[in-house]
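Novice: Mind folding the following:
(one chain, ligands or ions: 1)
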Amino acid sequence: MTYNLAIIGFGTVGQGFAELLQEKRESLKNTYGLEFEVVAISDPIKGSIYENAGVNLKEILTLVKKEGKIDGYAGGIKGWDSIKTIEETNADIIAEATPTNLESGEPGLTHIRTALKRGKHVITTNKGPIALFYRELAQLAKDRGKSLGFEGTVLSGTPAINLSLLTLAGTNISEIIGIMNGTTNYILTQMDAGKDYSEALREAQRLGYAETKPDADVEGWDALAKIVILSNVLMGANLKVSDVEREGITGITPSNIKDAKGEHKRYKLIARAWKENGKVKAKVSPEKVDDGNILFHISGVGNAIQFKTDILGRVTIVGPGAGKRETGFALLNDLISIHRTPMGMKGV
Ligand code: HSE
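Specialist: Below is the predicted model:
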């Protein structure tokens, strides 16, 4: 089976995905019988190319690395914006990786709606549209018989969504607790080692962990989006962003960190969801955790989520929560899922 892919948004994540596609082309074919062409890339800054037989991905990746743009690519049609690319190219899977927006979900929301309405599968790492409009988008995908993959919206490629939807199917999840933001965990770990907050944030930006606007990380918005997604997808909730109490890490001082150390504790930005009188509630805030808690030991860009289930008790996953390849991998994994289960596997 050969798929035509369009990548909408060619920043860190879009490029990470393209690199993995390039690297794994042979093994995808040999292991899964999955073949693909990237027929279009559209990004308002990096440039846009459409070539219906497929672009030369290696050349595109070299160009963007060297020049920061893909406009110099020889061949193809240039300059199509995201909507024209989604609507008018021969892509049958849209990989949406534009910057997230937790107020309107745009531009990702319109990209995803348009693609599904056009009968295209969508794979996305964009938290805004899924946190704000999961039910509508999942229903739209179901109505059109298409797949909506969003593994990369929570914990990058660490399988937070698909693990729970597939392998924990049949259990009831009554509580979710975790460290769901790589940037803040990286900063807190660096501060614990005596480093300066701003320097640690700059480093997290350099490493490609931080959101376009780092306030989204340090003020807890990113973790909030993730706990909303998990609550709505895995606990049957219908939470809105405004339903969730939120506090970030900007109020945590070096002296707070030192005091916590004296108590054999560490500050972590914890996101949690639980059931109270039959309703799901959620919260994001810094908490001091002690060394008997697995979350104490999660350092750097590492993330962890613990699911409290009725059959297995607590199940914990630990893995990277951000990064170019790590998030690109989530798109690759969603692509493989579409190939394996063409009608999609996401519940509404
Ligand atoms: N900025 C996010 C983080 C990226 O640091 O976890 C992954 O969602």
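Novice: Helix or strand for the residue nearest to residue 247 when sequence neighbours are not counted, just tell me which one.
Specialist: Take residue 247 and drop its neighbours on the chain: the residue closest to it by Cβ to Cβ, 6 or more residues apart in numbering is residue 285, 4.3 Å away. Glycine gets a C-beta too; all of them are placed from N, C-alpha and C. Per DSSP states H and E, residue 285 falls inside strand 279-290.
Novice: Next secondary structure element downstream of that strand?
Specialist: Toward the C-terminal end, the helix or strand that comes next after strand 279-290 (DSSP H and E) is strand 302-309.
Novice: Show me what that following strand is packed against.
Specialist: strand 173-179, helix 182-192, strand 313-320 (3 or more Cβ pairs under 8 Å, 6 or more residues apart in numbering; DSSP states H and E).
Novice: Confirm for me that residue 37 is in contact with residue 2.
Specialist: Yes: counting by Cβ atoms under 8 Å, residue 37 does reach residue 2; the two are 6.8 Å apart.
Novice: Tell me which of the two has more neighbours.
Specialist: Using other Cβ atoms under 10 Å, the more surrounded residue of residue 37 and residue 2 is residue 37, with 18 against 11.
Novice: That one: what's it in contact with?
Specialist: 2-5, 53-55 (Cβ atoms under 8 Å, 6 or more residues apart in numbering).
Novice: Now secondary structure and pLDDT too, for those, in TSV please.
Specialist: TSV is the format used below for the contacts of residue 37 (DSSP: H, G, I helix; E, B strand; the rest coil; pLDDT from 0 to 100):
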residue	secondary structure	pLDDT
2	strand	93
3	strand	97
4	strand	98
5	strand	98
53	coil	97
54	coil	98
55	coil	98
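Novice: Any quick ChimeraX command for the buried ones out of these?
Specialist: Paste this into ChimeraX to select the buried members of these, with burial taken from 16 or more other Cβ atoms under 10 Å:
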select :3,4,5,54,55
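Novice: between the helices and strands packed on strand 302-309, which one is nearest to the ligand?
Specialist: Ranking those by proximity to the ligand (Cβ to the nearest ligand atom) places helix 182-192 first, at 3.4 Å.
Novice: hmm, the helix or strand that the closest one is followed by touching the ligand?
Specialist: Moving toward the C-terminus from helix 182-192, the next helix or strand (DSSP H and E) is helix 197-206. No: remark: helix 197-206 sits outside contact range of the ligand, by Cβ under 6 Å from any ligand atom, the gap being at least 6.9 Å.
Novice: With only the CA atoms kept, save helix 197-206 in PDB.
Specialist: Coordinates of the C-alpha atoms in helix 197-206 are reproduced here as PDB (Å, rounded to 0.1, in the frame of the first residue of the first chain):
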ATOM      1  CA  TYR A 197      16.200  29.100  35.700                       C
ATOM      2  CA  SER A 198      16.700  31.300  32.600                       C
ATOM      3  CA  GLU A 199      19.700  29.500  31.400                       C
ATOM      4  CA  ALA A 200      17.800  26.100  31.800                       C
ATOM      5  CA  LEU A 201      14.900  27.500  29.800                       C
ATOM      6  CA  ARG A 202      17.100  28.800  27.000                       C
ATOM      7  CA  GLU A 203      18.700  25.300  26.800                       C
ATOM      8  CA  ALA A 204      15.300  23.700  26.700                       C
ATOM      9  CA  GLN A 205      14.400  26.000  23.800                       C
ATOM     10  CA  ARG A 206      17.700  25.200  22.000                       C
END
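Novice: Report the buried residues of the following helix or strand past that helix.
Specialist: Per DSSP H and E, the first helix or strand lying C-terminal to helix 197-206 is helix 215-218. Buried residues in helix 215-218, defined by neighbour count with 16+ other Cβ under 10 Å: 216-218.
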